[in-house]
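J.: Have a look at this prediction, sequence included:
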Amino acid sequence: MKKIGIVGAGAWGTALAMVARRAGRAVTLQAREAEVAASINEGHENTLFLPGVALDPEIAATTELSAAADADAVLLAVPAQHMRAVCGALAPAWTPGVPAVICAKGIEQDTAALMNEVVAEVLPAAPIAVLSGPTFAAEVARECPTAVTLACADGDVARSLATALGTPRFRIYHSPDVIGALIGGAVKNVLAIACGIVEGRGLGDNARAALITRGLAEIVRLGLAKGARAETFRGLSGLGDLTLTCNAMQSRNFSLGAALGGGQSLAAVMASRVSVAEGVFTAAAVAALARLLAIDMPISTAMDAVLNHAADIDAVIAGLLARRPGAEAPSGG
């Protein structure tokens, strides 16, 4: 895999372009905005989404999807709610057998479909892989040590991708559990907003630790119901990603929750940002999946109520605290 295409030149897609270049690959990075492509090509910086990070001058930015599809593997680094449309636009230029590597962390809001289900429907000739784990784009772009999960049902494809993208400072561990990697990455964004609210309301570190732990139980419940492996959630795309995202203002979802907890409205917070906080849109899909599969996910359901149904934050917190404690297990309360 000598040529890597990346669709989506947000902070994460741009950071992944640096990863691929450090691994010695030719990189084509597709941007939706012409000004972003120009900034990368002319100034070797993504001034809109990743300002202050010098980019490899060999990264070729384009606005053409077909140019990014002309590759040995394509990384899909677009927001989850746009994945279906983007893959549909890519389909005419896709070469059968070229892996589609899902780098988005979300669940489709309208259908409650996981990203592998979306991509498989629109790009049926593409082997599917998932790149997930505890990553902040700016740190990856600056070559801070990072470890991630590369999940793919085809072990040969997984190993080829790991070889193509891995470096000593971007360590890739492969897994066959695509569903587990996707659910861990998606649900943790919802939980990170909840942890941010705990921060914004000044409820303390004890409360956040409890929320992370009980939130992990919710992730495991949903994952097992969808066919994931329990051990996946003890790894980088589960506990690792959850821990990072729920404890740092670098996290878009955590910082959004902190702003909500501090009294700002969701509309005001969203209007002030150029990057997407995936958890806002995924909360409704997670709550829908929980209802469909008859799974108890009180924290995720509470976040859907706050984000999508204008529920009062203090009333939601009181409701969660009033729940009767159950067994401390993935199936507990």
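T.: That came through fine. The model shown is predicted, which means the values in this text are computed figures rather than measured ones. Numbers count the residues shown, from 1 in each chain.
J.: Give me the number of neighbouring residues for residue 89.
T.: A count of nearby residues for residue 89, using other C-beta atoms under 10 Å, gives 14. For the C-beta atoms, the positions are set from N, CA and C on the backbone; glycine is no exception.
J.: so after the helix or strand containing it, what's the next helix or strand?
T.: Using DSSP states H and E, residue 89 sits within helix 83-90. Downstream of helix 83-90, the first helix or strand assigned by DSSP H and E is strand 100-102.
J.: And the contacts of the helix holding residue 89?
T.: Residues from elsewhere that reach helix 83-90 (C-beta atoms under 8 Å, 6 or more residues apart in numbering): 7-8, 65, 68-69, 74, 76, 78, 100, 102, 104, 108, 115, 118-119, 121-123.
J.: So for it, what gets flagged as buried?
T.: The neighbour-count criterion (16 or more other C-beta atoms under 10 Å) identifies 83-84, 86-87, 90 as the buried residues of helix 83-90.
J.: do stretch 34-46 as well
T.: Across stretch 34-46, burial judged by 16+ other C-beta under 10 Å covers 36-37, 39-41, 46.
J.: What of stretch 209-229?
T.: Buried residues in stretch 209-229, counted by 16+ other C-beta under 10 Å: 211-212, 214-224, 228.
J.: quick one: low-confidence ranges for the stretch 201-333 of the chain?
T.: Along the stretch 201-333 of the chain, segments meeting pLDDT under 70 span 329-333.
J.: And the strands in it?
T.: Applying DSSP state E, counting those that start in this stretch to the stretch 201-333 of the chain gives no strands.
J.: List only buried entries from the contacts of helix 83-90.
T.: Neighbour-count burial (16+ other C-beta under 10 Å) applied to the contacts of helix 83-90 gives 7-8, 65, 68-69, 74, 76, 78, 100, 102, 104, 108, 115, 118-119, 122-123.
J.: What ranges does the stretch 51-200 of the chain have for its strands?
T.: Using DSSP E, counting those that start in this stretch, the strands assigned to the stretch 51-200 of the chain run over residues 60-62, 73-76, 100-102, 128-132, 146-152, 170-175.
J.: Considering the buried residues of helix 83-90, which is situated nearest to residue 168?
T.: Nearest to residue 168 out of those is residue 83 (C-beta to C-beta; 30.9 Å).
J.: Give the closest residue to the closest one in space, chain neighbours not counted.
T.: Nearest non-adjacent residue to residue 83, counting by C-beta to C-beta, 6 or more residues apart in numbering: residue 118, 5.2 Å away.
J.: and the one you found, how far is that from residue 105?
T.: Distance of residue 118 to residue 105, given as C-beta to C-beta, to the nearest Å: 13 Å.
J.: ditto for residue 61
T.: Relative to residue 105, and taking C-beta to C-beta, residue 61 is found at 23 Å.
J.: Noted, bye for now.
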